[in-house]
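Novice: Next come a sequence and a model predicted from it.
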Amino acid sequence: MAMKAEALRELLNREPFLPLRIHTSGGKEYRVDNPDFVHVMQSDVFYCFPDNDSFAIIPLIHIASVEVEQRAA
């Protein structure tokens, strides 16, 4: 089942924010340490790589899973 835009928005807007890993059906992984580097659109996710000026457009239908990293206790 494809990732729903609203579900991803909720994870990005969580307080406090917890880092995420977006896994795609093609095997790529995108780490999100700062929610400001991600914008969820209607059917795509605009992801900015934090180390340079490049970006990726990830179709929501290709997001296989989102892993939320838990804080150490």
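Specialist: The structure has been received and is ready for your questions. The structure displayed is predicted, hence computed values, not measured ones.
Novice: Quick check, central residue of this protein?
Specialist: Residue closest to the average C-alpha location in the chain (C-alpha atoms, centre = their mean): I22, at 4.8 Å.
Novice: which residues sit in contact with it?
Specialist: 29-30, 32, 45, 47, 58, 63, 66 (C-beta atoms under 8 Å, 6 or more residues apart in numbering). (Glycine included, C-beta is placed from N, CA and C.)
Novice: one more time with 7 Å, if that's ok
Specialist: 29-30, 32, 58, 63, 66 (C-beta atoms under 7 Å, 6 or more residues apart in numbering).
Novice: With F37 instead?
Specialist: Here F37 is in contact with 47-48, 50 (criterion: C-beta under 7 Å, 6+ apart).
Novice: Just the buried residues out of those residues, in ChimeraX syntax.
Specialist: Filtering the contacts of F37 down to the buried ones (16 or more other C-beta atoms under 10 Å) takes a single ChimeraX command:
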select :47,48
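Novice: just the contacts of F37 now: which is nearest M41?
Specialist: Y47 (11.1 Å; C-beta to C-beta).
Novice: Can you tell me the closest non-neighbouring residue to the residue nearest to the centre of the chain?
Specialist: Y30 (4.3 Å; C-beta to C-beta, 6 or more residues apart in numbering).
Novice: what helix or strand is that neighbour on?
Specialist: Per DSSP states H and E, Y30 falls inside strand 29-32.
Novice: could you give the mean pLDDT of that strand?
Specialist: If you average the pLDDT over strand 29-32, you get 97.
Novice: Pull up the pairing partners for the helix or strand following it, direction included.
Specialist: Remark: after strand 29-32, the chain's next helix or strand is strand 38-40, criterion DSSP H and E. Strand pairing for strand 38-40, determined by DSSP bridges: strand 44-48 (antiparallel).
Novice: and which of the contacts of I22 is nearest to E10?
Specialist: Using C-beta to C-beta, the contacts of I22 come closest to E10 at V66, 10.5 Å.
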